[in-house]
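Requesting a structural model of the entry that follows:
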Amino acid sequence: MESVLAGVGAVAAFARDGVACVRQVLSAREVAAAAAAIDAVLAGPGSLAQVASGPDDPGAFAEDFCRWREVPQIEELARQSRVPAVAAALLATPQLRFYHDHVLVKEPGTDHRTPWHQDQPY
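Predicted coordinates for the structure are as follows:
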């Protein structure tokens, strides 16, 4: 995992910019599991699901939250993949708290703009 972060200076970039691009964290099997999880979420939206795109939009823009209990691939990725270790390294912390999962899908060609947001503490 350290080679994934060190090669691109991800920890320094995250500390400096608050964002870092980290590639090849997930294995091919995990990427397939993520794709299956997204398909499951889109096929059966939960009670917190929202669609930002309109019916005339050529692409969909959808999101859903807190589905890890119903979609086992999400929990597996959140708890068993290298994602938690990478997040802990970027945040320079020995402990993480799994707050919630958030599936965002914005298809190519979607006209609806992504609204500006920031994920700072309230």
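
can we go C-alpha only for contacts and neighbour counts from here?
OK.

burial measure for the residue nearest to residue 53 when sequence neighbours are not counted, as a count.
Leaving aside its chain neighbours, residue 53 sits nearest to residue 61 (5.1 Å; criterion: Cα to Cα, 6 or more residues apart in numbering). With neighbours defined by other Cα atoms under 10 Å, the count for residue 61 comes to 21.

what about residue 61, distance to residue 43?
Per Cα to Cα, to the nearest Å, residue 61 is found 14 Å from residue 43.

Contact partners for the closest residue in space to residue 10 that isn't next to it in sequence?
Among residues not flanking residue 10 along the chain, residue 20 sits closest, at 5.4 Å (Cα to Cα, 6+ apart). Going by Cα atoms under 8 Å, 6 or more residues apart in numbering, residue 20 touches 10, 11, 13, 14.

and after the helix or strand of the chain with the lowest mean pLDDT, which helix or strand comes next?
Scoring the helices and strands of the chain by mean pLDDT, DSSP states H and E places helix 2-6 at the bottom, with a mean of 61. Going down the chain from helix 2-6, the next helix or strand is helix 10-17, by DSSP states H and E.

That next one - contacts with which helices or strands?
Using 3 or more Cα pairs under 8 Å, 6 or more residues apart in numbering; DSSP states H and E, the elements in contact with helix 10-17 are helix 83-91.

So for the helix it packs on, what gets flagged as buried?
84, 85, 86, 89, 90 (16 or more other Cα atoms under 10 Å).

cool, stretch 19-39 as well?
20, 22, 25, 30, 33, 34, 37, 38.

quick one: which of these sit in helices?
Of the positions in these, 30, 33, 34, 37, 38 sit in helices, assigned by DSSP state H.

For the fourth one, give me the pLDDT.
As predicted, residue 37 sits at a pLDDT of 97.

How about it: what's its closest non-neighbour residue?
residue 73 (5.7 Å).

Residue 84 too?
In space, and not counting its chain neighbours, residue 84 is closest to residue 78: 6.7 Å by Cα to Cα, 6+ apart.

Distance to residue 47 added to the ones in helices among the buried residues of stretch 19-39, as JSON lines?
JSON lines is the format used below for these (distance: Cα to Cα, whole Å):
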{"residue": "30", "distance to residue 47": "26"}
{"residue": "33", "distance to residue 47": "22"}
{"residue": "34", "distance to residue 47": "20"}
{"residue": "37", "distance to residue 47": "16"}
{"residue": "38", "distance to residue 47": "16"}
